[in-house]
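[1] got a predicted structure plus its sequence, pasted below:
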Amino acid sequence: MKSKNIVSLGIMAALFTGMVLTGCGQTQQMGATELETPETSEKTGATGEVVELEFLFGDPNRTEIFSRIVDDFNNSQSAVHVTFNATGTNHLEELMTRLAANDAPDITSQLQGYELASYVDAGYIKDIKDEPFMKYIRDTELDTVTIDGGVYGIPMDTQAWGVFYNKDLFDKAGISEVPTTVTELKDCVDKLKAAGITPFAAGYATEWTIGQFLGYGASSILTPAAVELGDDYKKGNWSFDQPGIDQAFNVLDMVGDNTQDRPFDTDVSGQYATFAKGDAAMMLQGNWSILQIRELNPDIRMGMFPLPISDDPEELLFPKQYGFVINILKTSDEDPNKAEAINQFMEYFLNPENGGGYYYDEIGVPTANAFAEPKLDEASEILQQYLEKEKTVFTYYAYEPAGFDAESWKVTVEYLNSGNKDHKKLIQNFNDAFDKYADALE
């Protein structure tokens, strides 16, 4: 780890090149929302004044629901007032600008894995392992927010990458089971095309929609390999030329060859619309997209399965990470009243019996909260089965050096746009991108 007094290269790379990966399902942004101070309940603090907190929020897919939760919290009492500041897809840039100016918010979101480690190393994020609200979070769900024995984030819902599918279109094409091997996936594609149905909805104008392929397509190959290397991986001794990667890239080719017309002119909103309207049978996306699809078509019968990248069904794993993570800034400890106010806000949100409990019902996906019993959307049914059988793998995104993600998106999009299925060159381009940011791992 580098000195806590300097900003690591990984953070600076994220500032200039990275976008928030988690919650990339929308590009819409909301400005800072100053919520009114409630007029009831008792005051907190030695002076009796309202304690002001700022939540710098970075998940576009959760902006609407969390703005409601913050509003409801503010209106439930008068001791604490939370200002909700949603940064959209510019979250890392906004956060780093604020930190560089010594203007840290009290609470932020989205930091986990090696990216979180950079912020912890620089001394920005608070260790919350002993905070009372952590009783709500399962110990088994803390992998990507635990660093050197400390816990630096609150994982909320389980984010998974995979393939959404339209059940009615599968029925129309005579597909009775979701594919669990590459051969079965190709058979699905062939049956859909024979029935006059476009296999995949794509939105390559928003690069991450296909650029995340290393995460949702190859994590079962890359994550175990990176973990096994350990310190050698952190020293940059790494190549994407791993056993099985060639067949994974064959699947990438299959997807790229079977989308709707003009996928490079379609952004993520267009991808959602294409799938929601039934103009394509499948869509490579994360389960954060459930809310967006339901908004466009509440009645769509859809499911979601992990993307097969081999012909051994036993090797099929659901790539996951924590799609929504809350982080608390270390500067909040400078004011005991703020620290207590944060505890009060977290208790309101994390306790399902309190006003924020509806969050778990509306998101429709599994959660790390041991006390919550969310109403799962039907699209989460297969994921839940894989979670129960422990057939999941942490997405490779959690192990990438900061800054690599956006670079890898460009590599992937350029590869598909070229039409040249040269896997060796693709591997080399990924290796070059990794080497460019490998120093952020140290």
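    Noted; the coordinates are in hand. Residues are numbered from 1 along each chain as shown.

[2] buried residues, stretch 166-178. List them.
    With burial defined by 16 or more other C-beta atoms under 10 Å, the residues of stretch 166-178 counted as buried are N166, K167, L169, F170, K172, A173, I175, V178. Yep, even glycine has a C-beta here, placed from its N, CA and C like the rest.

[3] which ones are touching the last one?
    Residues touching V178, when contacts are defined by C-beta atoms under 8 Å, 6 or more residues apart in numbering, comprise Y165, F170, G303, F305, I382.

[4] out of the buried residues of stretch 166-178, list just those in helices.
    Mapping the buried residues of stretch 166-178 onto helices (DSSP state H) picks out K167, L169, F170, K172.

[5] so can I have JSON lines of those residues showing distance to Y233 and pLDDT?
    As requested, those are exported to JSON lines (distance: C-beta to C-beta, whole Å; pLDDT from 0 to 100):
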{"residue": "K167", "distance to Y233": "40", "pLDDT": "98"}
{"residue": "L169", "distance to Y233": "41", "pLDDT": "98"}
{"residue": "F170", "distance to Y233": "39", "pLDDT": "98"}
{"residue": "K172", "distance to Y233": "45", "pLDDT": "98"}
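
[6] tally of neighbours for N237?
    Using other C-beta atoms under 10 Å, N237 has 10 other residues around it.

[7] excluding residues flanking it in the chain, which one is nearest it?
    Leaving aside its sequence neighbours, N237 sits nearest to L229 (C-beta to C-beta, 6 or more residues apart in numbering; 6.7 Å).

[8] if I look at the one you found, how far off is E442?
    L229 is 14 Å from E442, where distance means C-beta to C-beta, to the nearest Å.

[9] cool, and Y322?
    24 Å.

[10] looking at the two, which is more packed in?
    A count of neighbours by other C-beta under 10 Å puts Y322 above the other of Y322 and E442, at 27 against 15.

[11] show me what contacts the closest residue to that one other than its chain neighbours?
    Distances taken as C-beta to C-beta, 6+ apart place P155 nearest to Y322, at 3.5 Å, with adjacent residues excluded. Taking C-beta under 8 Å, 6+ apart, we find P155 in contact with Q112, I137, E141, L142, T144, V145, Y322, F324, V325, A368.

[12] what's the farthest-apart pair in the residues you listed?
    L142 and F324 (14.5 Å; C-beta to C-beta).

[13] which one's more surrounded, the two?
    The neighbour comparison of L142 against F324 (other C-beta under 10 Å) goes to F324, with 27 against 19.

[14] got a pLDDT number for the more buried one?
    F324 carries a pLDDT value of 79.

[15] ok, now the one 3 residues further on?
    According to the prediction, N327 has pLDDT 96.

[16] and the helix or strand harbouring it, what does it pack onto?
    In the assignment (DSSP states H and E), N327 maps to strand 325-328. In terms of contacts (3 or more C-beta pairs under 8 Å, 6 or more residues apart in numbering; DSSP states H and E), strand 325-328 is packed against strand 107-109, helix 113-121, strand 154-155.

[17] starting at the chain centroid, how far to the longest one?
    Centroid displacement of helix 113-121 relative to its chain, using C-alpha atoms, centre = their mean, to the nearest Å, is 16 Å.

[18] following it, which helix or strand comes up?
    strand 146-147.

[19] which neighbouring elements make contact with that following strand?
    Under the contact definition 3+ C-beta pairs under 8 Å, 6+ apart, strand 146-147 sits against helix 113-121.

[20] any weak-confidence spans in this structure?
    Residue ranges of the chain with pLDDT under 70: 1-47, 323, 355-356, 364.

[21] now the strands for it?
    For the chain, the strands defined by DSSP state E occupy 32-33, 51-57, 80-86, 107-109, 146-147, 150-151, 154-155, 158-166, 200-201, 282-286, 302-305, 318-322, 325-328, 392-394.

[22] reformat those as a markdown table; add distance to V120.
    Shown next, in a markdown table, are those (distance: least, C-beta to C-beta, whole Å):
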| stretch | distance to V120 |
| --- | --- |
| strand 32-33 | 26 |
| strand 51-57 | 17 |
| strand 80-86 | 22 |
| strand 107-109 | 13 |
| strand 146-147 | 5 |
| strand 150-151 | 7 |
| strand 154-155 | 14 |
| strand 158-166 | 21 |
| strand 200-201 | 38 |
| strand 282-286 | 25 |
| strand 302-305 | 32 |
| strand 318-322 | 16 |
| strand 325-328 | 9 |
| strand 392-394 | 18 |
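
[23] out of the ones you listed, nearest to K338?
    strand 51-57 (6.1 Å).

[24] neighbouring contacts of the closest one?
    Contacts to strand 51-57, defined as C-beta under 8 Å, 6+ apart, come from residues 44-45, 63, 66, 70, 79-87, 91, 94-95, 98, 105-109, 337-338, 340-342, 345.

[25] number of nearby residues for P374?
    Neighbours around P374, by other C-beta under 10 Å: 19.

[26] out of the strands of the chain, which is closest to G211?
    Checking those against G211 by C-beta to C-beta gives strand 282-286 as the closest, at 10.8 Å.

[27] what angle sits between that closest one and strand 318-322?
    40 degrees (axes from the mean of the first three to the mean of the last three C-alpha atoms, to 10 degrees).

[28] angle of strand 282-286 against strand 158-166?
    Strand 282-286 and strand 158-166 are oriented at 170 degrees to each other (the same axes, to 10 degrees).

[29] can you give me the buried ones in strand 282-286?
    Result for strand 282-286 [16+ other C-beta under 10 Å]: buried residues M282, M283, L284, Q285, G286.

[30] show me what it packs onto, helices and strands only.
    strand 158-166, strand 200-201, helix 208-211, helix 213-216, helix 268-276.

[31] surely A273 is in contact with E295?
    No. The pair A273 / E295 is not scored as a contact, 10.7 Å apart, by C-beta atoms under 8 Å.

[32] so the two - more neighbours on which side?
    A direct count of neighbours by other C-beta under 10 Å for A273 and E295 places A273 higher, at 18 against 11.

[33] how much space between E442 and P401?
    9 Å.

[34] should've said N420
    27 Å.

[35] number of nearby residues for S418?
    11.

[36] now do Q260
    Q260 has 18 neighbours, counted by other C-beta under 10 Å.

[37] skipping adjacent residues, who's closest to it in space?
    Here the residue nearest Q260, using C-beta to C-beta, 6+ apart, is T198, at 5.0 Å.

[38] put the buried members of the contacts of strand 51-57 into a ChimeraX selection.
    Burial among the contacts of strand 51-57 is assessed by 16+ other C-beta under 10 Å; the matching ChimeraX selection reads:
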select :44,45,63,66,70,79,80,81,82,83,84,85,86,87,91,94,95,98,105,106,107,108,109,337,338,341,342,345
